[in-house]
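J.: build me a model from this:
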Amino acid sequence: IHVVNAYIIPEQDFIDGISRLVDRGIDVRILTNSLASHDVPAVNSHYKKWRKPIIEAGAELYELRADPAIKSRVDTAPVKSKFTGLHTKSVVVDGERVFIGSMNFDPRSANINTEMGIIIDSPGLGAEMVQLAARDMAPATAWQVKLDGAGKLTWVNSDETVNRQPARNGWQRFMDGFFRILPKSQL
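T.: Numbering: from 1, shown residues only. Predicted coordinates:
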């Protein structure tokens, strides 16, 4: 299962579902925004506590870099972005069943917003979507979030390994901390 979703604020049932899938031998790979690539730091404020449980449940977790190798494909002349962010919402199951839609994995999308999507049974599209997800999870484009030997989170990409979530600047880190006081259901 390949999940690409820009805004993730899971609940325990999401983690339990990952664990059940992994226990059945299913590989689960998830790509979302890092704090550095986020356009909504308030979402990251409530997502970040779920990183470790996602990894401990057995999923591979990736977060988009703000400076990904694919940036030149994202920018459209004459516009040049200061950073790249993820906005995709897709899931590919068994390389042939594809969901593409507007729904984020967060309480707002589940309980407040009107969302839509389409499920397509297509091995050809599934293969293409898996290939795109793999490209976007590559170390030149994303951080893989892992646990080190002491159980601490680390972010690994093609250039470096860091022990603090990547951010574009101190203001973004401040907002990330500040927004934790807001209820996640309102984000």
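J.: how near is the residue of the chain most remote from its centre to residue 87?
T.: Relative to the mean C-alpha coordinate of the chain, counting by Cα atoms, centre = their mean, the farthest residue is residue 78 (28.1 Å). According to Cβ to Cβ, to the nearest Å, residue 78 stands 21 Å off from residue 87. Glycine gets a C-beta too; all of them are placed from N, C-alpha and C.
J.: can you check residue 102 too?
T.: 10 Å.
J.: likewise for residue 173?
T.: Distance from residue 173 to residue 87, counting by Cβ to Cβ: 22 Å.
J.: pick out whichever of these two has more residues nearby.
T.: Each of residue 173 and residue 87 has its neighbours counted (other Cβ atoms under 10 Å); residue 173 has more, 15 against 12.
J.: packing partners of the helix or strand in which the more buried one is found?
T.: Per DSSP states H and E: residue 173 is located in helix 170-178. When contacts are defined as 3 or more Cβ pairs under 8 Å, 6 or more residues apart in numbering; DSSP states H and E, helix 170-178 sits against helix 41-47.
J.: just the CA coordinates of the helix it packs on, formatted as PDB?
T.: Once non-C-alpha atoms are left out, helix 41-47 reads as follows in PDB (Å, rounded to 0.1, in the frame of the first residue of the first chain):
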ATOM      1  CA  PRO A  41       2.200  24.200  10.100                       C
ATOM      2  CA  ALA A  42      -0.800  23.800  12.300                       C
ATOM      3  CA  VAL A  43      -1.400  20.400  10.800                       C
ATOM      4  CA  ASN A  44       2.200  19.400  11.400                       C
ATOM      5  CA  SER A  45       1.700  20.400  15.100                       C
ATOM      6  CA  HIS A  46      -0.800  17.700  15.600                       C
ATOM      7  CA  TYR A  47       0.700  15.100  13.100                       C
END
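J.: what's the burial count for the residue nearest to residue 45 when sequence neighbours are not counted?
T.: Closest residue to residue 45 apart from its sequence neighbours, by Cβ to Cβ, 6 or more residues apart in numbering: residue 179 at 3.9 Å. The number of residues packed near residue 179 is 17, by other Cβ under 10 Å.
J.: where does the prediction get shaky in this structure?
T.: Low-confidence regions of the chain, defined by pLDDT under 70, span residues 69, 71-75, 80-81, 83, 107-113, 183-187.
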